[in-house]
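S.K.: model the structure of this input:
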Amino acid sequence: MTPQMGFALVMAWVMAVTPGRAEAADIEAPLDKDKEKVALKEKALKAEADRRWLEACRANDDLLKLDRTSQEAREGYQRCLRAWQLAARHGDAPYRQTLARLSPSHAGDTYEQVVSILSVAYPDRTRTTFNALFQAGLQELRLALDEPLFKQHHLPAAKPLALAAYKERLASWTTKLLTTRKELRDQVQMVIRSAARDLGALRQSTISAIWMEFAAGACNSVDEYSSFLTPGVMGAIQAALRGKLVGVGIEVGVVNGILQITAVYDNSSAKKERLREGDRIKKVDGEDVEKQTAEVVANKLRRAAGTTIALEVERVTSKDPMDPTKVEIDDLKVKLTCRAVAIPSVSYRWLKNFDGNGNVAGYIRIRHFQDSTFGEVKDTLTKLNAGDRIQGLILDLRGNPGGVFKSAVAIAELFMTEGVVVIGESPFKEYNRPFKVETGGGLQLPVVVLIDGETASAAEVLAGALKEGRPGTKIVGQTSYGKGSVQCVIPMDKAPLERLVGIRLTVAKLLSPSGQPYTGRGIRPDYPVDLSWEETIDEAAQRLMELIQSMPRMPMTPTDPPRMAGDRNMMS
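M.R.: Next up, the predicted model:
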């Protein structure tokens, strides 16, 4: 990327559930495949009709897991994802405040900068022609005219018939071949003038909002991994990159249909108040949240540092381990204070006597990849080997959505002595190359890697590198998600939006060390299994034992940190 372009790349990972991704505990027993497809399709259409965008995304995503070639499911996912992003954008208070003070001229300049970035940085140039980006903006504006929050804040006096007529005008809008950014900007100006004629005089903030809908539409249209980032999301990205989020220190999920706490972080307000994993969440600040999605409740628990949140939970405690019906139920009311909390990405334990002969194996789970993950893994390996020397290792990447690309590459180097980790294809030299092992590690233990349908992106980079480039490695589980691309977070660098908003943009495609694409294919396990969470670990232990028996004894050699080339941080 050339300095003349006038923007900086800041790669990061958003620590949030991708719409469509469910926690492992949400997954129900499989139905007959054809019946499951029909049920999911009906669920997706019903959720979309009710404007429950996250549910619709999830249902379409589950359809894609059953059939990666389904164009209908892919289009449904992308359509609902854009609608969800639009609603989230206009529900972001900092974004609304930004629009209120943003002049139409500055908004137009921001749109031009977005177009400039997309035209140069996106790998598929056919999707970033001026005409394609203009049409994407028209589509985004039409979606915005159906979004209650957009109408409430920017077109409160517009009559329904006038809105319908204007939407029809946008649907039939045609234009000549656009060859310059000035011609593109003039076209958007025509759309705004048309809005003033059809809907009445527009406020300055409304004109700015229309410009920004064109900017968002351009970003959101190229693929499902690229998007326009509002101030609230940009702040979350920077916090996630550092491995810190402001919140009360818990994760929430739906387990067997019940909304509950799935993790409590150390040094958090929740830990101080002795909340536990498994506590059922009933109310947040007096509002009943039991029927709300985990994502919605998680957002209610992330607020500015110093903010106090009242939480009501139900704790079910077994009184008799032999009789699960004998339980004690306690209602707890606590007040939690939001503050910056370090989010660990790695957990571990020893598997003692895993082979029945008294030997010990190590188990490491990487939940996501952030800047600190390489150091966490390296420290964990040292701890695992501090007592009884472990004979092998289970590396669990199930449910890992990816994250900071360089962390995955560096961890692969811990396990490999030479070879290619991953191959990048990109318009830019720095990504358009094979990423080779530069400082090979000395970890020579037999390794079993666990993957599933939620293992994606940077996690697939690590699993694929070990599968193809490291002897003594086997893959157990289910075919991975199949996301083979790298995204950058590119902040706007012009006032007044400098570093307030940005783009999450795909800038490279990823191939396995042997040149096979990950996108749409994923990684196939050596040993496919469809078992419960712990049963899969037991299966991995069995395969690890077979590996150890078939290989000469290999020492676990301490390693120096691999060198991380460059100072840029990619996410995938």
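
S.K.: so D223 is in which element?
M.R.: For D223, there is no enclosing helix or strand under DSSP states H and E.

S.K.: and if you look at C488?
M.R.: Short version, using DSSP H and E: C488 is in strand 485-491.

S.K.: what about the helices in the stretch 101-250 of the chain?
M.R.: 104-121, 130-144, 148-154, 160-171, 181-199, 204-221, 231-241 (DSSP state H, counting those that start in this stretch).

S.K.: and these, which one is worst for confidence?
M.R.: Lowest mean pLDDT within the helices of the stretch 101-250 of the chain: helix 231-241, at a mean of 74.

S.K.: show me the helices in the stretch 301-450 of the chain, by range?
M.R.: With helices called from DSSP H, counting those that start in this stretch, the stretch 301-450 of the chain shows them at 373-384, 405-415.

S.K.: point out the most buried one among these.
M.R.: The highest average neighbour count among those, using mean count of other Cβ atoms under 10 Å, belongs to helix 405-415 at a mean of 27. C-beta coordinates here come from the backbone N, C-alpha and C atoms, glycine included.

S.K.: coming back round to it: and the strand holding C488, what does it pack onto?
M.R.: Contacts defined by 3 or more Cβ pairs under 8 Å, 6 or more residues apart in numbering; DSSP states H and E place strand 485-491 against helix 104-121, helix 231-241, strand 502-511.

S.K.: okay, those, which one's buried deepest?
M.R.: The highest mean neighbour count among the helices and strands packed on strand 485-491, using mean count of other Cβ under 10 Å, belongs to strand 502-511: a mean of 24.

S.K.: now the helices of the stretch 101-250 of the chain in CSV, with distance to I261?
M.R.: Output for these, formatted as CSV (distance: least, Cβ to Cβ, whole Å):
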stretch, distance to I261
helix 104-121, 39
helix 130-144, 35
helix 148-154, 30
helix 160-171, 43
helix 181-199, 47
helix 204-221, 33
helix 231-241, 20
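
S.K.: return the most buried member of these.
M.R.: It is helix 204-221: most buried of the helices of the stretch 101-250 of the chain by mean count of other Cβ under 10 Å, with a mean of 25.

S.K.: so where is the stretch 301-450 of the chain shaky, pLDDT-wise?
M.R.: In the predicted model of the stretch 301-450 of the chain, residues 321-322, 324-325, 387-388, 440, 442 satisfy pLDDT under 70.

S.K.: got the contact list for A100?
M.R.: By Cβ atoms under 8 Å, 6 or more residues apart in numbering, A100 lies in contact with S205.

S.K.: and the pLDDT for it?
M.R.: pLDDT at A100 comes out at 92.

S.K.: any idea how far it lies from S485?
M.R.: Distance check for A100 against S485: by Cβ to Cβ, to the nearest Å, it reads 35 Å.

S.K.: and T519, backbone torsions?
M.R.: Taking degrees, to the nearest 10, you get phi -60, psi 130 for the backbone angles of T519.

S.K.: need the contact list for the residue nearest to Y518 when sequence neighbours are not counted.
M.R.: Spatially, and ignoring its direct neighbours in sequence, Y518 is nearest to G484 (2.9 Å; Cβ to Cβ, 6 or more residues apart in numbering). G484 makes contacts with 457, 460, 509-511, 517-519, as judged by Cβ under 8 Å, 6+ apart.

S.K.: also T536?
M.R.: Residues near T536 by Cβ under 8 Å, 6+ apart: 398, 450, 476-477, 529.

S.K.: buried residues, the host helix or strand of it. List them.
M.R.: In the assignment (DSSP H and E), T536 maps to helix 533-550. Of all the residues in helix 533-550, those buried under the rule 16 or more other Cβ atoms under 10 Å are 536-537, 539-541, 543-545, 547-548.

S.K.: ditto for stretch 460-469
M.R.: So, applying 16+ other Cβ under 10 Å, buried residues of stretch 460-469: 460-469.

S.K.: in helices, which of these appear?
M.R.: The helices, defined by DSSP state H, take in 460-469 from those.

S.K.: the residues you listed into CSV, with extra columns for pLDDT and distance to R127?
M.R.: Formatted as CSV, those follow (pLDDT from 0 to 100; distance: Cβ to Cβ, whole Å):
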residue, pLDDT, distance to R127
E460, 97, 23
V461, 97, 24
L462, 98, 29
A463, 98, 29
G464, 97, 26
A465, 97, 29
L466, 97, 33
K467, 97, 31
E468, 96, 30
G469, 93, 32
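
S.K.: tell me the one of those residues nearest G392?
M.R.: Set against G392, the nearest of those by Cβ to Cβ is L466 (13.5 Å).

S.K.: wait, doesn't that closest one sit right on E413?
M.R.: No: using Cβ atoms under 8 Å, L466 is not in contact with E413; the gap is 11.0 Å.

S.K.: about what we covered before: put together JSON lines for the helices and strands packed on strand 485-491, with distance to G358 on each row.
M.R.: Shown next, in JSON lines, are the helices and strands packed on strand 485-491 (distance: least, Cβ to Cβ, whole Å):
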{"stretch": "helix 104-121", "distance to G358": "55"}
{"stretch": "helix 231-241", "distance to G358": "42"}
{"stretch": "strand 502-511", "distance to G358": "42"}
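
S.K.: so which of the ones you listed is nearest A49?
M.R.: Checked against Cβ to Cβ, the stretch from those lying closest is helix 231-241, at 27.0 Å.

S.K.: tell me how far G257 lies from V346.
M.R.: Counting by Cβ to Cβ - G257 and V346 are separated by 30 Å.

S.K.: show me the beta-bridge partners of G424.
M.R.: In this entry, G424 is beta-bridged to L510, by DSSP bridges.

S.K.: what's around it, how many residues?
M.R.: Using other Cβ atoms under 10 Å, G424 has 22 other residues around it.

S.K.: and if you look at G453?
M.R.: 23.

S.K.: rewinding a little: mind giving me JSON lines with the helices of the stretch 301-450 of the chain and columns for distance to S205?
M.R.: Shown next, in JSON lines, are the helices of the stretch 301-450 of the chain (distance: least, Cβ to Cβ, whole Å):
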{"stretch": "helix 373-384", "distance to S205": "41"}
{"stretch": "helix 405-415", "distance to S205": "38"}
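
S.K.: out of these, the one nearest K151 is which?
M.R.: helix 405-415 (39.4 Å).

S.K.: just the angle for that closest one relative to strand 502-511, thanks.
M.R.: On the basis of axes from the mean of the first three to the mean of the last three Cα atoms, to 10 degrees, helix 405-415 is oriented at 30 degrees to strand 502-511.
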